[in-house]
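>>> below are the sequence and a predicted model; questions follow.
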Amino acid sequence: MKGLLQGLRITARNLVGSFRDPERLTTVAYPEQKLALPPQFRSFPFLVAGSAEDPIGSLRCVACLICQKECPPACIHIERSTDKKPDAAGKPQFYPAQFDIDFSVCMNCGICAEVCPFDAIRMGQDYEIATEERALALTWNRAQLTRAVP
Amino acid sequence: MSFGDLLEVSVGPHHPSTHGVFRMRVTLDGETVVRLKPVFGYLHRNHEKIAESISYLGSMPFTDRLDYMNAMSNNWAYALAVEKLTGQSVPERAEYVRIILAELTRLLNHVCLAGFLLQDMGASGTPLMYAFREREKILDLFESLSGSRMMCNFQRFGGCRQDLSADWLREAGRLIDRFGPFLDEFELLLAGNEIVLARTQGVGVLPRALAISAGATGPVLRASGVAYDLRQADGYGLYPRFPFRVPYGTHGDTYDRYRVRVLEMRESLGILRQALATLPEGPVLDPKARLRGLRPKAGEAYGRIEGPKGEIGFYLVSDGGPNPYRYRVRPPSLINLTALEDMCLGHTLADAVVILGSIDIVLGEVDR
Amino acid sequence: MRDLLIIAALIGFFAGLFAVLTWAERKLLGRVQNRPGPNRTGPFGVLQPVADGIKMLTKEDIVPAHCDRTLHLLAPVVVVALSILTFAVIPFGRHWLPADLDCGILFFFAAGSGTELAVFMAGWASRNKYSLLAAMRALAQLISYELPLLLSWVPVVIVSGSLSTQGVVLAQSGWAFGFLPRWNVFTPWGAAGLVLFLIAAVAECNRSPFDLPEAESELIAGHLTEYSGFKYALFFMAEYFGMSALSAMAVTLFLGGWGPPLPGLGFVPTPLWFLAKLLALLFGFIWLRATWPRLRLDQLTRLGWLGLLPLCLVNLAAAGIWRSGRDWPGAGQIGRWLGAAACIGLPAAVLLLRAAVRRAPRTYAYRSA
């Protein structure tokens, strides 16, 4: 009998406490309130561009294809260009003519960002990317993936 | 044995209480279970075959998804296997970090099990919500460290991916201090509860000999009277530096399995306090560690740890190439599950659900 | 004409109470579980019952192909009709008794027991072996707890001398020692009787911790598997009506009905006292659901037959001592109290101790490194 009554006391304590103690009402009312994300949080990758005026032209990616090779679910598809362009240091480099990531397959593991020797792809924090179509709406192309980083 | 007037019920795979897509074909004589055949494979994702076609590093995020609640432990077991295969050494701080994360994982797994077991018994979600409230704090710690709450992808061959910051350590210390009182409140809610006692004592007895011969490990084995814990028996990592006690039961019923896990949580808190207090400085990744393009010499290795559900091990065979030749997971949930029928015979269907809950399975690990 | 208005008011009030109860249950359960409960449909989620009602009414009514259509339709109707019937004999206030029957209490429980037949009708008509099994189990539970439910109020009738509900309430009027109301719960047999009545009431309503028939982790949805839409809503409503009715009867029998708790508070209209006590008991139902897991069916029936039934019989003896000691002089009153308390207290203590010894928390051994 004692155990049963003690249980009732704990639930009563939680009931009363939920009105006074924020520890006892931990719900965050999404989407009106959103949790603050830690800086380490990784959602989907994005391509780093040097300048905001010409994002595609200032992409750091040199199409070395390492991220495509290392991606575990193989959701990255890169087409290397046939010509070379000078990069930020002036050296001629290949660039990705096409860079597609299928976000419906991507599992946010971050290995692409980890293995990139040029810090050209990083993990972003944007998680609200849901769409209403199924077919290819979640495959993002080079333009959608590029983000200028100051 | 003729099953003419017996009732065959299929519990699952769509069922609120089977902890995943799991099916039990139960044959009932009135209310009593006379036969129980588990059917699984609904979550099979070809993990072991995929591992043969991607690199060693690429398999690491897939190990998160095996026992998807204990990603940090799975990562460690796999990293251990690869380190044995390549002869890679691990710096001291990284070993401490691995122990801290593994014990935090043990806390969140056991607290999750306690909540779900009571939910299966019909406590309408209250203990589950309390357990998840605390689990969220640990998951927040994992998120601020590795970037993801559950799919951590954190351990690497030769250490960890990232170092623990002073803020993180402070937050972890606060969490551990608050976890003890939470456990006290949780126990007060349920440990002496007469209904829980009536539902779990004497239900689903796993005899000691059967537990050993079935290959059960983890709390299931310890509740049946075998005080075998890999952290003490194998002494992997730097566990010998943190003396702790291993609780074990004598009856082998659901109550023992539940209580052994709660007592293990308290022991984990002790290990965590010691580890946080004596954490040494240093790198968390061996400078000579190779992550990408790892080509171990031909050979085989078996790396195992005492995961929260039991002994999780990875058996790797290398032929010198960049991908493993054979990659095999020892799934503790599946091996513990093989004794399910013996535990359930003679009980009712309601008990079968509770017994299944007390074994603590995760279908990601059972099916891989 | 006046009777029709009373009936309409009764049905309207309890339907409204049902809506409020579903909302309150979800909010309270949420708060106990550290979450807010419904808060999107209207401020604080008060329109949630409206949303649920719309959902239930607009769902497709699926009837199994080979079922017994008459019984399938009749079961929810019967259960709701009988539940509403039971409200007729409850005194909500001093002059607020819809039907003043001489044997009001008997009528109440007779109508209430009829709902058990509807449960079996539901299981039988569904032509589904799982539903039938579950219906039989539900029926076993309901029948096991009928006896304790009925026996727990027989002491009330013995002491009050009347089977009519208004008579029972009037017999609890007056003040002992000038301030303590003479409610039945303040006597040894009354306190025990209230506890036994409430345990049996929780079992009769299929509420946690006795809600095995509707448990989700059991044979699908129990005897209500084949019901959808409005018929399911009717069963749901009948469960809450049953809860309200049994709580109202507990208030009438043991908690002094519409009587105020302290002298001098007689200016407050009596229906408000009744409502306050009713809501307190309903809160107790919700509190129990939030806290305790459910019992297995055989444990449940064992509790009913071997635990509650003997205690109810012993309670009759305690009430007998109480009643015969009404006129004992002076110190005899202390004897009356002690006698009645011992008569019911000692067997209860024995049973609880035996249960505690049979199942106790265990201690565990450790192995050090």
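Arrived safely, thanks for sending. Residues are numbered from 1 along each chain as shown, chains lettered A, B, ... in the order given.

>>> mind checking pLDDT for the residue in the stretch 251-369 of chain C that chain A sits nearest to?
Nearest residue of the stretch 251-369 of chain C to chain A: residue C:291, at 4.5 Å (CB to the nearest CB). Using the backbone N, CA and C atoms, a C-beta is placed for each residue, glycine as well. Looking at residue C:291, its pLDDT stands at 86.

>>> test my guess that it contacts residue A:9.
No - here residue C:291 lies out of contact with residue A:9, judged by CB atoms under 8 Å, at a distance of 9.3 Å.

>>> mind giving me the packing neighbours of the least confident helix or strand in chain A by mean pLDDT?
Least confident helix or strand of chain A, by mean pLDDT, DSSP states H and E, is strand A:85-86 with a mean of 82. If contacts are counted by 3 or more CB pairs under 8 Å, 6 or more residues apart in numbering or on different chains; DSSP states H and E, strand A:85-86 sits against strand A:92-93.

>>> following the strand it packs on in sequence, what is the next regular element?
For strand A:92-93, the following helix or strand on the C-terminal side (DSSP states H and E) is strand A:96-102.

>>> is chain B contacted by that following strand?
No - counting by CB under 8 Å from any CB of the partner chain, chain B has no neighbours in strand A:96-102; the shortest distance is 15.3 Å.

>>> need the contact list for whatever residue of the stretch 51-200 of chain B ends up closest to chain A.
Nearest residue of the stretch 51-200 of chain B to chain A (CB to the nearest CB) works out as residue B:192 at 3.0 Å. By CB atoms under 8 Å, 6 or more residues apart in numbering or on different chains, residue B:192 lies in contact with A:2, A:3, A:6, C:361.

>>> and which of those is nearest to chain B?
Looking across these and measuring by CB to the nearest CB, the closest to chain B is residue A:3, at 3.0 Å.

>>> ok so, going back, quick one: the residue of the stretch 51-200 of chain B closest to chain A is in a helix?
No - checked against DSSP: H, G, I helix; E, B strand; the rest coil, residue B:192 lies outside a helix; its state is coil.

>>> residue C:11 versus the residue nearest the centre of chain A, what's the distance?
In chain A, the residue lying closest to the centroid (CA atoms, centre = their mean) is residue A:44, at 2.1 Å. Counting by CB to CB, to the nearest Å, the gap from residue A:44 to residue C:11 is 56 Å.

>>> follow-up on the earlier one: between residue C:291 and residue A:9, which is the more surrounded one?
Set side by side, residue C:291 and residue A:9 show more neighbours around residue C:291, with 28 against 12, by other CB atoms under 10 Å in any protein chain shown.

>>> residue C:67: neighbouring residues, count only.
Around residue C:67 there are 17 other residues, counting by other CB under 10 Å.

>>> now it. Nearest residue, chain neighbours left out?
Closest residue to residue C:67 apart from its sequence neighbours, by CB to CB, 6 or more residues apart in numbering or on different chains: residue C:127 at 4.7 Å.

>>> what is the burial count for that neighbour?
Neighbour count for residue C:127, taken as other CB under 10 Å: 16.

>>> how about the secondary structure of it?
coil.

>>> contact partners for it?
By CB under 8 Å, 6+ apart, the residues touching residue C:127 are C:64, C:66, C:67, C:68.

>>> and those residues, which are buried?
Buried members of the contacts of residue C:127, counted by 16 or more other CB atoms under 10 Å in any protein chain shown: C:64, C:67.

>>> what's the closest of the contacts of residue C:127 to chain B?
Checking the contacts of residue C:127 against chain B by CB to the nearest CB gives residue C:64 as the nearest, at 18.5 Å.

>>> stretch B:36-45 and chain A in contact?
No - applying CB under 8 Å from any CB, one finds stretch B:36-45 separated from chain A by no less than 10.7 Å.

>>> what is the end-to-end distance of that stretch?
Using CA to CA, to the nearest Å, the end-to-end distance of stretch B:36-45 comes out at 25 Å.

>>> residues contacting it, please?
Residues contacting stretch B:36-45 (CB under 8 Å, 6+ apart): B:12-13, B:20-27, B:65, B:334, B:337, B:340-341, B:344-345, B:352, B:363-364, B:366-368.

>>> kindly report the same for stretch C:264-283.
For stretch C:264-283, the surrounding residues in contact (CB under 8 Å, 6+ apart) are C:21, C:24, C:28, C:91-94, C:96, C:198, C:243-244, C:247-248, C:250-251, C:255-261.

>>> ok, and of those, which contact chain A?
Residues shared between the contacts of stretch C:264-283 and the neighbourhood of chain A are residue C:28 [CB under 8 Å from any CB].

>>> all helices for chain A, in order.
A:2-20, A:66-70, A:111-115, A:142-145 (DSSP state H).

>>> redo those as a markdown table? Include mean pLDDT and distance to residue B:94.
Below are these laid out as a markdown table (pLDDT from 0 to 100; distance: least, CB to CB, whole Å):
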| stretch | mean pLDDT | distance to residue B:94 |
| --- | --- | --- |
| helix A:2-20 | 84 | 40 |
| helix A:66-70 | 91 | 22 |
| helix A:111-115 | 92 | 17 |
| helix A:142-145 | 88 | 33 |
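
>>> of all these, which one comes closest to chain C?
Nearest of the helices of chain A to chain C, taken as CB to the nearest CB: helix A:2-20 at 4.4 Å.

>>> so how far is the first residue of stretch C:226-234 from its last?
Stretch C:226-234 stretches 13 Å from its first residue to its last (CA to CA).

>>> just stretch C:38-45 next, same as before
5 Å.

>>> can you pull the buried residues of it?
Under the neighbour-count criterion of 16+ other CB under 10 Å, stretch C:38-45 has C:38, C:39, C:45 buried.

>>> how about it and chain B, any contact?
No - counting by CB under 8 Å from any CB, no contacts exist between stretch C:38-45 and chain B, the nearest distance being 14.7 Å.

>>> other residues contacting that stretch?
Contacts to stretch C:38-45, defined as CB under 8 Å, 6+ apart, come from residues A:29, C:23, C:26, C:27, C:30, C:37, C:47, C:48, C:50, C:51.

>>> do stretch C:200-212 as well
By CB under 8 Å, 6+ apart, the list of residues contacting stretch C:200-212 from outside reads B:122, B:124, B:195, B:350, C:112, C:137-138, C:141-142, C:144-146, C:148-149, C:152, C:213-214, C:218, C:239, C:242-243, C:246-247, C:250, C:285, C:288-289, C:292-297, C:300, C:304, C:308.

>>> stretch A:6-16 too?
By CB under 8 Å, 6+ apart, the residues outside stretch A:6-16 that reach it are A:24, B:126, B:130, B:185, B:188-190, B:192-193, C:28, C:31-34, C:287-288, C:290-292.

>>> for the stretch 251-368 of chain B, which residue gets nearest to chain A?
The stretch 251-368 of chain B approaches chain A most closely through residue B:292 (5.1 Å), counting by CB to the nearest CB.

>>> apologies, that question was intended for the stretch 101-250 of chain C.
Residue of the stretch 101-250 of chain C nearest chain A, by CB to the nearest CB: residue C:209 (9.2 Å).

>>> look up the pLDDT of that residue for me, please.
Note for residue C:209: predicted pLDDT of 83.

>>> go on, the one 5 residues further on?
In this prediction, residue C:214 carries a pLDDT score of 70.

>>> and residue B:42, by the same measure?
90.

>>> in helices only, show me the contacts of stretch B:36-45.
Among the contacts of stretch B:36-45, the residues falling in helices (DSSP H) are B:334, B:337, B:340, B:341, B:344, B:352, B:363, B:364, B:366, B:367.
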